[in-house]
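Colleague: no sequence for this one, just the structure:
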(Lines give C-alpha, C1' and ligand atoms only; values in the text may rest on other atoms or scores of the structure.)
Protein backbone atom coordinates (compact mmCIF):
# COMPACT_ATOMS: atom_id res chain seq x y z
CA UNK A 1 0.00 0.00 0.00
CA UNK A 2 2.98 2.33 0.28
CA UNK A 3 3.02 2.47 -3.55
CA UNK A 4 -0.64 3.43 -3.86
CA UNK A 5 0.12 6.73 -5.59
CA UNK A 6 2.06 7.23 -8.76
CA UNK A 7 4.99 9.65 -8.60
CA UNK A 8 3.23 12.14 -10.89
CA UNK A 9 0.15 12.23 -8.72
CA UNK A 10 2.23 12.65 -5.56
CA UNK A 11 3.98 15.68 -7.12
CA UNK A 12 0.59 17.27 -7.91
CA UNK A 13 -0.75 16.68 -4.40
CA UNK A 14 -0.03 19.58 -2.07
CA UNK A 15 -1.06 17.71 1.09
CA UNK A 16 1.59 15.38 2.52
CA UNK A 17 -0.18 14.67 5.82
CA UNK A 18 -3.61 14.74 7.44
CA UNK A 19 -4.76 15.81 10.88
CA UNK A 20 -7.19 13.48 12.65
CA UNK A 21 -9.64 15.65 14.56
CA UNK A 22 -11.08 12.87 16.70
CA UNK A 23 -13.74 14.09 19.14
CA UNK A 24 -13.16 17.85 19.71
CA UNK A 25 -16.03 18.16 22.20
CA UNK A 26 -14.46 15.54 24.48
CA UNK A 27 -10.91 16.86 24.59
CA UNK A 28 -11.25 18.04 28.19
CA UNK A 29 -11.95 14.40 29.14
CA UNK A 30 -8.94 13.12 27.22
CA UNK A 31 -7.21 11.30 30.08
CA UNK A 32 -10.41 9.65 31.29
CA UNK A 33 -11.40 8.58 27.78
CA UNK A 34 -7.86 7.32 27.20
CA UNK A 35 -8.06 5.05 30.25
CA UNK A 36 -11.56 3.80 29.39
CA UNK A 37 -10.67 2.97 25.79
CA UNK A 38 -7.32 1.49 26.78
CA UNK A 39 -9.07 -0.91 29.17
CA UNK A 40 -11.65 -1.75 26.48
CA UNK A 41 -8.87 -2.38 23.96
CA UNK A 42 -6.90 -4.62 26.30
CA UNK A 43 -10.06 -6.49 27.30
CA UNK A 44 -10.93 -7.06 23.62
CA UNK A 45 -7.45 -8.36 22.88
CA UNK A 46 -7.40 -10.64 25.92
CA UNK A 47 -10.90 -11.97 25.23
CA UNK A 48 -10.26 -12.73 21.58
CA UNK A 49 -6.82 -14.19 22.24
CA UNK A 50 -8.34 -16.37 24.96
CA UNK A 51 -10.78 -17.83 22.45
CA UNK A 52 -7.89 -18.56 20.06
CA UNK A 53 -5.79 -20.12 22.82
CA UNK A 54 -8.44 -22.47 24.21
CA UNK A 55 -9.51 -23.46 20.68
CA UNK A 56 -5.93 -24.47 19.85
CA UNK A 57 -5.29 -26.14 23.22
CA UNK A 58 -8.52 -28.11 23.77
CA UNK A 59 -8.99 -30.99 21.31
CA UNK A 60 -12.76 -30.96 21.92
CA UNK A 61 -12.90 -27.56 20.21
CA UNK A 62 -11.08 -28.76 17.09
CA UNK A 63 -14.24 -28.47 15.01
CA UNK A 64 -15.08 -26.31 11.98
CA UNK A 65 -17.21 -23.90 14.04
CA UNK A 66 -14.41 -23.13 16.49
CA UNK A 67 -11.87 -22.93 13.68
CA UNK A 68 -13.98 -20.19 12.05
CA UNK A 69 -14.60 -18.58 15.43
CA UNK A 70 -10.89 -18.46 16.30
CA UNK A 71 -10.13 -17.05 12.82
CA UNK A 72 -12.83 -14.45 13.40
CA UNK A 73 -11.24 -13.56 16.76
CA UNK A 74 -7.80 -13.20 15.18
CA UNK A 75 -9.13 -10.89 12.45
CA UNK A 76 -10.96 -8.88 15.13
CA UNK A 77 -7.68 -8.38 17.04
CA UNK A 78 -6.00 -7.07 13.89
CA UNK A 79 -9.07 -4.98 13.04
CA UNK A 80 -9.19 -3.05 16.32
CA UNK A 81 -5.41 -2.66 16.36
CA UNK A 82 -5.56 -0.60 13.17
CA UNK A 83 -7.75 2.04 14.83
CA UNK A 84 -7.78 2.06 18.64
CA UNK A 85 -4.05 2.85 19.19
CA UNK A 86 -4.56 5.92 16.99
CA UNK A 87 -7.63 6.86 19.03
CA UNK A 88 -5.68 6.55 22.28
CA UNK A 89 -3.04 8.95 20.96
CA UNK A 90 -5.76 11.43 19.97
CA UNK A 91 -7.27 11.35 23.44
CA UNK A 92 -3.87 12.16 24.96
CA UNK A 93 -2.67 14.76 22.45
CA UNK A 94 -5.96 16.29 21.26
CA UNK A 95 -4.98 16.00 17.60
CA UNK A 96 -2.82 13.66 15.59
CA UNK A 97 -0.87 14.11 12.40
CA UNK A 98 -0.63 11.17 10.07
CA UNK A 99 1.29 10.98 6.80
CA UNK A 100 -0.48 10.65 3.47
CA UNK A 101 0.74 7.10 2.87
CA UNK A 102 0.08 5.96 6.44
CA UNK A 103 -3.46 7.36 6.29
CA UNK A 104 -4.39 5.44 3.16
CA UNK A 105 -2.66 2.33 4.47
CA UNK A 106 -4.77 2.53 7.63
CA UNK A 107 -7.95 3.04 5.57
CA UNK A 108 -7.13 0.05 3.38
CA UNK A 109 -6.27 -2.33 6.25
CA UNK A 110 -9.32 -1.24 8.27
CA UNK A 111 -11.75 -1.74 5.38
CA UNK A 112 -10.06 -4.95 4.20
CA UNK A 113 -10.30 -6.56 7.64
CA UNK A 114 -13.84 -5.22 8.11
CA UNK A 115 -15.00 -6.78 4.82
CA UNK A 116 -13.26 -10.03 5.77
CA UNK A 117 -15.14 -10.07 9.09
CA UNK A 118 -18.49 -9.92 7.29
CA UNK A 119 -17.55 -12.74 4.93
CA UNK A 120 -16.46 -14.79 7.96
CA UNK A 121 -19.82 -14.12 9.61
CA UNK A 122 -21.50 -15.45 6.46
CA UNK A 123 -19.30 -18.57 6.61
CA UNK A 124 -20.20 -19.05 10.28
CA UNK A 125 -23.88 -18.86 9.29
CA UNK A 126 -23.40 -21.53 6.64
CA UNK A 127 -21.48 -23.69 9.11
CA UNK A 128 -24.40 -23.58 11.57
CA UNK A 129 -26.85 -24.27 8.75
CA UNK A 130 -24.97 -27.40 7.69
CA UNK A 131 -24.48 -28.58 11.29
CA UNK A 132 -28.17 -28.29 12.18
CA UNK A 133 -29.96 -28.83 8.87
CA UNK A 134 -27.56 -31.32 7.21
CA UNK A 135 -25.94 -33.13 10.15
CA UNK A 136 -25.25 -36.37 8.25
CA UNK A 137 -23.22 -34.55 5.59
CA UNK A 138 -21.70 -31.88 7.86
CA UNK A 139 -18.27 -33.41 8.53
CA UNK A 140 -17.95 -34.57 4.93
CA UNK A 141 -18.61 -31.08 3.56
CA UNK A 142 -16.77 -29.13 6.26
CA UNK A 143 -13.47 -30.95 5.92
CA UNK A 144 -10.25 -29.22 7.08
CA UNK A 145 -9.40 -28.46 3.45
CA UNK A 146 -12.80 -26.83 2.90
CA UNK A 147 -12.44 -24.77 6.10
CA UNK A 148 -9.07 -23.38 4.99
CA UNK A 149 -10.46 -22.76 1.50
CA UNK A 150 -13.42 -20.76 2.85
CA UNK A 151 -11.16 -18.61 5.06
CA UNK A 152 -8.88 -17.95 2.08
CA UNK A 153 -11.87 -16.94 -0.03
CA UNK A 154 -12.98 -14.51 2.68
CA UNK A 155 -9.54 -12.87 2.73
CA UNK A 156 -9.27 -12.67 -1.07
CA UNK A 157 -12.76 -11.21 -1.50
CA UNK A 158 -12.15 -8.69 1.28
CA UNK A 159 -8.95 -7.58 -0.42
CA UNK A 160 -10.47 -7.29 -3.90
CA UNK A 161 -13.57 -5.35 -2.85
CA UNK A 162 -11.52 -2.80 -0.90
CA UNK A 163 -8.32 -2.43 -2.93
CA UNK A 164 -9.90 -1.01 -6.09
CA UNK A 165 -11.78 1.99 -4.57
CA UNK A 166 -9.01 2.80 -2.06
CA UNK A 167 -6.31 2.76 -4.77
CA UNK A 168 -8.46 4.98 -7.01
CA UNK A 169 -9.06 7.41 -4.14
CA UNK A 170 -5.36 7.56 -3.25
CA UNK A 171 -4.59 8.73 -6.77
CA UNK A 172 -6.94 11.70 -6.45
CA UNK A 173 -5.68 15.25 -5.97
CA UNK A 174 -5.52 16.63 -2.40
CA UNK A 175 -4.80 20.36 -2.21
CA UNK A 176 -6.46 21.33 1.09
CA UNK A 177 -7.92 21.34 3.72
CA UNK A 178 -6.29 18.38 5.44
CA UNK A 179 -8.35 17.98 8.65
CA UNK A 180 -10.21 14.68 8.84
CA UNK A 181 -13.28 14.96 11.12
CA UNK A 182 -12.78 11.43 12.40
CA UNK A 183 -10.53 9.48 14.76
CA UNK A 184 -9.07 7.35 11.96
CA UNK A 185 -8.67 7.46 8.19
CA UNK A 186 -11.95 6.22 6.75
CA UNK A 187 -13.06 6.23 3.13
CA UNK A 188 -15.87 8.79 3.39
CA UNK A 189 -13.91 11.60 5.11
CA UNK A 190 -10.95 11.07 2.75
CA UNK A 191 -13.19 11.24 -0.32
CA UNK A 192 -14.74 14.49 0.94
CA UNK A 193 -11.31 16.13 1.26
CA UNK A 194 -10.23 15.41 -2.30
CA UNK A 195 -10.02 18.31 -4.77
CA UNK A 196 -10.75 15.91 -7.63
CA UNK A 197 -14.15 14.73 -8.75
CA UNK A 198 -14.75 11.66 -6.56
CA UNK A 199 -18.43 10.98 -7.28
CA UNK A 200 -17.66 7.90 -9.39
CA UNK A 201 -15.22 6.58 -6.74
CA UNK A 202 -17.81 7.12 -3.99
CA UNK A 203 -20.43 5.26 -5.99
CA UNK A 204 -17.98 2.44 -6.68
CA UNK A 205 -17.22 2.12 -2.97
CA UNK A 206 -20.93 2.38 -2.11
CA UNK A 207 -21.75 -0.43 -4.54
CA UNK A 208 -18.94 -2.61 -3.22
CA UNK A 209 -20.01 -1.97 0.39
CA UNK A 210 -23.56 -2.84 -0.63
CA UNK A 211 -22.40 -6.12 -2.16
CA UNK A 212 -20.28 -7.07 0.87
CA UNK A 213 -22.92 -6.28 3.48
CA UNK A 214 -26.00 -7.55 1.70
CA UNK A 215 -24.36 -10.69 0.32
CA UNK A 216 -23.27 -11.71 3.82
CA UNK A 217 -26.66 -10.64 5.21
CA UNK A 218 -28.60 -12.68 2.64
CA UNK A 219 -26.46 -15.74 3.36
CA UNK A 220 -27.11 -15.28 7.10
CA UNK A 221 -30.86 -14.83 6.54
CA UNK A 222 -31.01 -17.92 4.31
CA UNK A 223 -29.05 -19.99 6.82
CA UNK A 224 -30.98 -18.95 9.92
CA UNK A 225 -34.42 -19.09 8.33
CA UNK A 226 -33.71 -22.73 7.48
CA UNK A 227 -32.23 -23.29 10.94
CA UNK A 228 -35.38 -21.94 12.63
CA UNK A 229 -37.59 -24.23 10.53
CA UNK A 230 -35.41 -27.23 11.39
CA UNK A 231 -35.26 -26.41 15.11
CA UNK A 232 -39.03 -25.97 15.38
CA UNK A 233 -39.46 -29.47 13.97
CA UNK A 234 -37.18 -31.09 16.54
CA UNK A 235 -39.19 -33.46 18.77
CA UNK A 236 -37.34 -32.74 22.02
CA UNK A 237 -37.53 -29.40 23.85
CA UNK A 238 -34.01 -29.99 25.15
CA UNK A 239 -32.70 -30.41 21.59
CA UNK A 240 -34.48 -27.21 20.52
CA UNK A 241 -32.99 -25.29 23.44
CA UNK A 242 -29.49 -26.60 22.71
CA UNK A 243 -29.74 -25.71 19.03
CA UNK A 244 -30.99 -22.20 19.78
CA UNK A 245 -28.25 -21.63 22.37
CA UNK A 246 -25.50 -22.40 19.84
CA UNK A 247 -26.97 -19.90 17.36
CA UNK A 248 -28.16 -17.09 19.62
CA UNK A 249 -24.67 -15.71 20.30
CA UNK A 250 -23.92 -15.60 16.57
CA UNK A 251 -27.19 -13.76 15.91
CA UNK A 252 -26.35 -11.13 18.54
CA UNK A 253 -22.94 -10.52 16.94
CA UNK A 254 -24.56 -10.32 13.50
CA UNK A 255 -27.04 -7.70 14.71
CA UNK A 256 -24.32 -5.52 16.25
CA UNK A 257 -22.01 -5.70 13.23
CA UNK A 258 -24.61 -5.20 10.52
CA UNK A 259 -26.45 -2.44 12.37
CA UNK A 260 -23.42 -0.20 12.89
CA UNK A 261 -21.83 -0.77 9.47
CA UNK A 262 -25.02 -0.25 7.48
CA UNK A 263 -25.53 3.04 9.32
CA UNK A 264 -22.02 4.21 8.40
CA UNK A 265 -21.50 2.98 4.86
CA UNK A 266 -24.80 2.17 3.16
CA UNK A 267 -25.80 5.67 2.10
CA UNK A 268 -24.67 7.45 -1.06
CA UNK A 269 -24.00 10.82 0.63
CA UNK A 270 -21.05 10.34 2.94
CA UNK A 271 -20.98 14.05 3.85
CA UNK A 272 -24.00 13.85 6.10
CA UNK A 273 -24.02 13.19 9.84
CA UNK A 274 -20.29 13.05 10.44
CA UNK A 275 -20.76 13.23 14.21
CA UNK A 276 -23.18 10.30 14.26
CA UNK A 277 -20.87 8.42 11.90
CA UNK A 278 -18.06 8.80 14.41
CA UNK A 279 -20.26 7.49 17.20
CA UNK A 280 -21.38 4.50 15.11
CA UNK A 281 -17.76 3.83 14.14
CA UNK A 282 -16.83 3.93 17.82
CA UNK A 283 -19.43 1.23 18.49
CA UNK A 284 -18.12 -0.83 15.58
CA UNK A 285 -14.43 -0.54 16.51
CA UNK A 286 -14.54 -0.49 20.32
CA UNK A 287 -17.80 -1.80 21.77
CA UNK A 288 -18.61 -4.67 19.39
CA UNK A 289 -15.11 -6.28 19.49
CA UNK A 290 -15.28 -6.01 23.29
CA UNK A 291 -18.67 -7.72 23.47
CA UNK A 292 -17.96 -10.47 20.92
CA UNK A 293 -15.70 -12.63 23.15
CA UNK A 294 -18.06 -12.19 26.10
CA UNK A 295 -21.08 -13.16 24.00
CA UNK A 296 -19.41 -16.27 22.60
CA UNK A 297 -17.93 -17.41 25.93
CA UNK A 298 -20.76 -16.58 28.34
CA UNK A 299 -23.36 -18.35 26.20
CA UNK A 300 -21.35 -21.44 25.27
CA UNK A 301 -21.13 -24.45 27.58
CA UNK A 302 -18.30 -26.07 25.61
CA UNK A 303 -16.16 -22.95 26.02
CA UNK A 304 -17.08 -22.83 29.72
CA UNK A 305 -15.87 -26.38 30.20
CA UNK A 306 -12.69 -25.78 28.20
CA UNK A 307 -11.92 -22.70 30.32
CA UNK A 308 -12.50 -24.62 33.56
CA UNK A 309 -10.23 -27.43 32.39
CA UNK A 310 -7.54 -24.95 31.37
CA UNK A 311 -7.69 -23.20 34.75
CA UNK A 312 -7.48 -26.57 36.51
CA UNK A 313 -4.40 -27.53 34.49
CA UNK A 314 -2.73 -24.21 35.30
CA UNK A 315 -3.44 -24.64 39.02
CA UNK A 316 -2.13 -28.20 38.91
CA UNK A 317 1.06 -27.05 37.15
CA UNK A 318 1.62 -24.21 39.66
CA UNK A 319 1.01 -26.58 42.58
CA UNK A 320 3.49 -29.17 41.26
CA UNK A 321 6.02 -26.48 40.40
CA UNK A 322 5.77 -25.08 43.90
CA UNK A 323 6.27 -28.50 45.48
CA UNK A 324 9.25 -29.18 43.25
CA UNK A 325 10.97 -25.91 44.15
CA UNK A 326 10.13 -26.14 47.85
CA UNK A 327 10.47 -29.80 48.96
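Modeller: Everything's here; your move. Predicted, not measured: the structure shown is a model, and the values here were computed from it.

Colleague: and stretch 97-104, what's its mean pLDDT?
Modeller: Averaged over stretch 97-104, pLDDT sits at 90.

Colleague: run the chain-centre distance for it.
Modeller: Mean C-alpha position of stretch 97-104 versus that of the full chain (CA atoms, centre = their mean, to the nearest Å) differs by 21 Å.

Colleague: now do the buried residues in it.
Modeller: For stretch 97-104, the buried set under the neighbour-count rule, 16 or more other CB atoms under 10 Å, comprises 98, 100, 101, 102, 103, 104. In short, each C-beta sits where N, CA and C put it, glycine included.

Colleague: now, those residues that are in strands?
Modeller: residue 98 (DSSP state E).

Colleague: contact partners for residue 190?
Modeller: 103, 104, 107, 169, 180 (CB atoms under 8 Å, 6 or more residues apart in numbering).

Colleague: for the chain, just list every one of the strands.
Modeller: 17-20, 96-99, 179-180.

Colleague: redo the ones you listed as JSON lines? Include distance to residue 32.
Modeller: Shown next, in JSON lines, are the strands of the chain (distance: least, CB to CB, whole Å):
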{"stretch": "strand 17-20", "distance to residue 32": "19"}
{"stretch": "strand 96-99", "distance to residue 32": "18"}
{"stretch": "strand 179-180", "distance to residue 32": "23"}
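
Colleague: can you give me the helices in the stretch 51-200 of the chain?
Modeller: 64-81, 84-93, 100-133, 138-141, 144-170, 187-193, 199-232 (DSSP state H, counting those that start in this stretch).

Colleague: ok, which of these comes nearest residue 309?
Modeller: helix 64-81 (14.6 Å; CB to CB).

Colleague: what average pLDDT does that closest one get?
Modeller: Mean predicted lDDT for helix 64-81 stands at 91.

Colleague: helices and strands of the chain: which one bottoms out on pLDDT?
Modeller: Ranking every helix and strand in the chain by mean pLDDT, DSSP states H and E puts helix 7-12 at the bottom, with a mean of 46.

Colleague: what's near enough to touch residue 294?
Modeller: By CB under 8 Å, 6+ apart, the contact set of residue 294 is residue 47.

Colleague: for residue 114, what are its contacts?
Modeller: 79, 158, 261, 284.

Colleague: if we use 7 Å, what do you get?
Modeller: Residues near residue 114 by CB atoms under 7 Å, 6 or more residues apart in numbering: residue 79.

Colleague: let's see the pLDDT reported for the closest residue to residue 230 other than its chain neighbours.
Modeller: Using CB to CB, 6 or more residues apart in numbering and skipping the chain neighbours, the partner closest in space to residue 230 is residue 133 (4.8 Å). The model reports residue 133 with a pLDDT of 86.
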